[in-house]
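> missing the sequence, but the structure's below:
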């Protein structure tokens, strides 16, 4: 199972919503490193879609489609690049969260659980150091545990993301351009 590129693009006003600013047509460019390749991926907000109990956004890039939205102060996902989560998986919140549910991917359905933790971080964006928030999701169940660390910066969005399975880094995203 791969949680790669959980591009947590969501809508919201002020507060947590500023960590992922959106408008239809907004786009971000990332450098992506995988086990076998390095490439540039352009990611674009395409349309509004239902995300569990809320209205959210569909975001498309060469690595797939994600469907995400804000439920209160929690960024949730029902789809991340070909994987579906039931109920929606929390990706970012003002406090830690736990999750239990089903992950559907490649014709398989797995029972999984996850812990979400958040912490303030300093990050360099455009040559200057800014405050950010690191979201860490530890997903267990399925073939192997996965850890997804995502750094969000207000008014920019995702600036760094790394997915690991055990000691192996599966994927890394680094922000190049965007809003």
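Thanks, I have the structure now. A quick note: this is a predicted structure, and the numbers were derived from the prediction, not measured.
> use CA for all of it now, contacts and neighbours both
Noted.
> what pairs with residue 56 across the strands?
In this entry, residue 56 is beta-bridged to residue 49, by DSSP bridges.
> quick check: it touching residue 50?
Yes: the criterion here is CA atoms under 8 Å, and residue 56 meets it with residue 50 at 5.8 Å.
> the two: which has the busier surroundings?
For the pair residue 56 and residue 50, the greater number of neighbours falls to residue 56 (25 against 14), based on other CA atoms under 10 Å.
> in this protein, where is pLDDT below threshold?
1-17, 21-22 (pLDDT under 70).
> 50 instead?
Residues of the chain meeting the criterion pLDDT under 50: 1-15.
> quick one, strands of it?
27-34, 38-51, 54-61, 64-71, 74-80, 83-92, 97-105, 108-125, 128-141, 146-153, 157-165, 168-177 (DSSP state E).
> save those strands as JSON lines, and put in distance to residue 18 too.
Converted to JSON lines, the strands of the chain look like this (distance: least, CA to CA, whole Å):
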{"stretch": "strand 27-34", "distance to residue 18": "15"}
{"stretch": "strand 38-51", "distance to residue 18": "16"}
{"stretch": "strand 54-61", "distance to residue 18": "15"}
{"stretch": "strand 64-71", "distance to residue 18": "11"}
{"stretch": "strand 74-80", "distance to residue 18": "11"}
{"stretch": "strand 83-92", "distance to residue 18": "12"}
{"stretch": "strand 97-105", "distance to residue 18": "20"}
{"stretch": "strand 108-125", "distance to residue 18": "15"}
{"stretch": "strand 128-141", "distance to residue 18": "11"}
{"stretch": "strand 146-153", "distance to residue 18": "8"}
{"stretch": "strand 157-165", "distance to residue 18": "8"}
{"stretch": "strand 168-177", "distance to residue 18": "17"}
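> give the contact list for the spatially closest residue to residue 116 that is not a sequence neighbour.
Spatial nearest neighbour of residue 116, chain neighbours left out: residue 137 (4.6 Å); criterion: CA to CA, 6 or more residues apart in numbering. Shown in contact with residue 137 (CA atoms under 8 Å, 6 or more residues apart in numbering): 91, 114, 115, 116, 117, 146, 147, 148, 149.
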